[in-house]
Structures are given as structure tokens and as C-alpha cells.
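[1] Sequence plus predicted model, see below.
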Amino acid sequence: MNLKNQKDFFSGLLFMAAGLSFAWSAPRYTVGTAADMGPGYVSLLLGAVLTLLGGVVVFKALVFETEDGGRIGAWAWQTLAWVVLTNLALGWVLDRWAPFAGRDVGAAFTKLKLLPLLTGMLGALGPVEAVALMVLCLMVAVVLASGTWLKAVAMGVLGLLLGLVGTSMASDAVRFALDLPELAGGIGFVALAIGVLGYGDRIRTLASHRRMRQTAGARRVGRWFFPALVFLYAVGVGAIRGSTFDLWLLTGCALVGHVFRQLDMQPAPLLLGFVLGPLMEDKLRSALQFADGDWSVFVSRPLSAGLLLGAVGLLLLAPIVRSWRPTTWKRR
């Protein structure tokens with residue numbers, strides 16, 4: 001098989017695998033109808049959309065020529081191993097050191113709850129307009145992200161799906177938790193953000209620096225800086241709830257974050273989608289209940305129609321908007 005773009009091909013397969021997993025699992029919960037959504041309705045819909053987007057990315061990778069074939073760079077195995085070993089060591093300490101085991105040492109951090117803040121900000125809008133505004137926000141993140149806009153949209157949809165993991169806001173149904181009680185409350189935002197964004201950036205930066213000629217002083221700084229950063233990240237995440245599971249989650253997110261960076265899958269739309277996911281599902285449910293399941297309500301109301309038109313316009317003008325970004329943004 002002649003791949004025109006390795007990165008697009010494998011990222012498309014990942015999108016398809018994730019989309020199919022959510023779509024296949026959604027019928028295990030009540031799906032319902034647009035007018036009466038069950039906990040599986042939105043995840044089934046978004047899973048199908050993500051699968052379709054992944055298929056388009058794979059088709060593009062097989063058909064359209066690229067300058068360098070989108071070759072995947074070297075993997076930072078040593079750096080990844082350091083991340084895993086550090087988190088395992090700290091997990092062992094949390095399990096056995098009584099003063100910290102099970103303690104909510106970082107309770108202050110958990111007070112930073114993004115969903116109530118967003119709910120308050122969107123409270124002045126009706127549910128129809130709120131959904132349209134969130135779609136517009138996602139499109140802004142897509143346009144500002146580097147890489148292809150198609151993969152950025154898919155990352156946003158993947159983030160929405162990950163945000164639905166855990167207990168549904170409208171019912172007591174626990175979804176996609178893999179029978180893990182720790183996931184009943186959802187994926188931890190701090191672990192996800194640090195894993196896919198913090199570790200992902202640092203691992204890629206360190207790997208690229210190792211491929212360049214450096215002075216002895218620069219090598220010494222790089223040798224100690226990343227291990228110290230890994231340790232501080234792990235301590236911070238582990239201290240929030242004193243949970244070993246959070247460190248395992250951080251490790252998994254770090255590995256996934258490196259895969260994202262290797263395949264030019266930008267994490268910013270994913271993180272925004274993750275935050276908006278539960279709130280968008282709740283507002284979408286209210287909007288369609290109000291409209292008796294009629295999706296045309298989103299284009300029949302002037303404000304929501306204008307917001308959605310702006311989202312479409314941003315997407316169509318993405319190449320022009322991206323050309324205005326500073327050069328340093330484009331190199332990330």
C-alpha cells in the first residue's frame with residue numbers, strides 16, 4: 001500500500017478506532033430519540049461523526065500526495081520510559097506511605113471547577129444559542145491549532161466524547177468507565193491536560209533537542225530539566241486526591257500525548273472539547289426537548305443561526321486565518 005502521508009493515515013485509523021469504540025458501546029445505554037435523549041444518544045452520534053472524519057483522513061492519506069510523505073519521526077523511548085518509571089515509583093509511595101495514602105492533599109486544586117463556571121457564563125443564553133456558541137468556540141480552537149483543520153476538528157470531537165466518560169449529568173448512568181470506579185466521576189482534567197499537553201510538548205521538545213548539536217552546558221541542562229519536570233508534574237497530580245489511579249491515568253495520557261505529537265494531532269481542540277462535552281450534551285438535550293426533536297431549531301433562530309454561520313465561515317476561511325498567525329505559532 002502506497003501511503004501519501006504516514007501521519008494522516010495512522011491518525012485517521014486512531015480516530016476511526018476511537019469513534020467505533022464509542023459508537024459500539026453507546027447502545028449498551030439507553031439511546032432514545034432526539035426529543036427524548038438517553039445517555040447513549042450523543043455518544044452514538046459523536047462516535048459516528050468521529051469515525052467518518054477518521055475515514056476521510058485515511059482517504060486523504062491514501063490519495064493526496066504530500067511533499068515529504070508525512071513521515072513519522074523517531075520515538076523518544078528513553079524519555080517515555082522515564083515518565084512511566086517516575087509515575088510508578090510515586091504510585092508505590094502513595095500506596096504505602098500512610099500520611100498521604102487516600103488523603104485529599106490537594107483539595108484546593110479541585111475547587112477549580114470549569115463546568116460550573118461555564119454553566120454560569122452560558123446561563124443567560126437559551127440552550128439552542130448555548131450549543132451554537134460552544135460549536136463556534138470549538139471552531140476557533142480548530143482554526144488556531146496547527147496541522148490540518150480536518151484533524152483538528154476530529155480532535156475536538158474526540159474531546160467531546162472523552163468528556164462524556166463517567167456519570168451522565170441527566171441521569172445516574174455511568175458510561176464508558178471500563179468498570180473502573182475511579183472513572184465514575186469522569187477523566188481527571190488535570191491528568192489529561194498535563195499528560196497530553198505538558199508531557200507531549202516537553203517530550204517532543206527534548207527529543208528534537210537531542211537530534212541537534214548542543215554545547216556541553218546545554219546538554220547538562222536538558223539532562224536534568226526534564227526529569228525534574230516529570231517529577232513535579234507527577235507529584236502535583238498525585239497530590240490532588242492522593243490517588244495512585246491518577247498517576248496511572250497521567251502515565252497513559254503522557255503516552256497518548258506523545259503519539260498525538262508524533263502524528264501532528266493537536267491537543268488544544270481536544271482539551272476544549274473535553275471541557276465542553278458534558279455541558280454541550282446537557283444543552284443539546286434541553287434544546288431538542290424544547291423543539292420536540294426538530295434539529296432545524298438551530299438554524300431557525302436568528303442568534304444560533306448567526307453563531308453557526310460564523311463557525312462555518314471560520315472553517316472555510318481557516319487557511320486565510322492561519323496565514324495571519326505569528327511564525328512561532330506555525331512552528332509548534
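    It's in. Numbers count the residues shown, from 1 in each chain.

[2] Neighbours of the residue lying closest to residue 162 once chain neighbours are set aside, how many?
    Leaving out its chain neighbours, the residue that sits closest to residue 162 by CB to CB, 6 or more residues apart in numbering is residue 274, at 5.1 Å. Every residue, glycine included, has its C-beta placed from N, CA and C. Close neighbours of residue 274, defined as other CB atoms under 10 Å, add up to 26.

[3] Residue 4 is in contact with residue 65, correct?
    Yes - between residue 65 and residue 4 there is a contact under CB atoms under 8 Å: 5.2 Å.

[4] So which of the two has more stuff around it?
    Between residue 65 and residue 4, residue 4 has the larger neighbour count (other CB under 10 Å), namely 15 against 7.

[5] where does that one land in three-state SS?
    Under DSSP: H, G, I helix; E, B strand; the rest coil, residue 4 falls in the coil class.

[6] Give the phi and psi angles for it, as a check.
    In terms of degrees, to the nearest 10, the main-chain angles of residue 4 are phi -80, psi -20.

[7] Repeat that for residue 145.
    With angles defined as degrees, to the nearest 10, residue 145 sits at phi -70, psi 150.

[8] list the contacts for it?
    152, 155, 266, 268, 269 (CB atoms under 8 Å, 6 or more residues apart in numbering).

[9] Which of those fall within helices?
    Applying DSSP state H to the contacts of residue 145, the entries found in helices are 152, 155, 268, 269.

[10] residues in contact with the third one?
    Think residue 268. Contact analysis of residue 268 by CB under 8 Å, 6+ apart lists 141, 144, 145, 197.

[11] One more: the first one?
    Contacts of residue 152 were listed using CB under 8 Å, 6+ apart, and they are 141, 142, 143, 145, 266, 269.

[12] Who wins on neighbours among these?
    Most crowded among the contacts of residue 152, counting by other CB under 10 Å, is residue 269 at 29 neighbours.

[13] on that earlier part again, reformat the contacts of residue 145 as a markdown table; add pLDDT and distance to residue 248.
    Formatted as a markdown table, the contacts of residue 145 follow (pLDDT from 0 to 100; distance: CB to CB, whole Å):
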| residue | pLDDT | distance to residue 248 |
| --- | --- | --- |
| 152 | 92 | 28 |
| 155 | 95 | 23 |
| 266 | 88 | 25 |
| 268 | 89 | 24 |
| 269 | 93 | 25 |
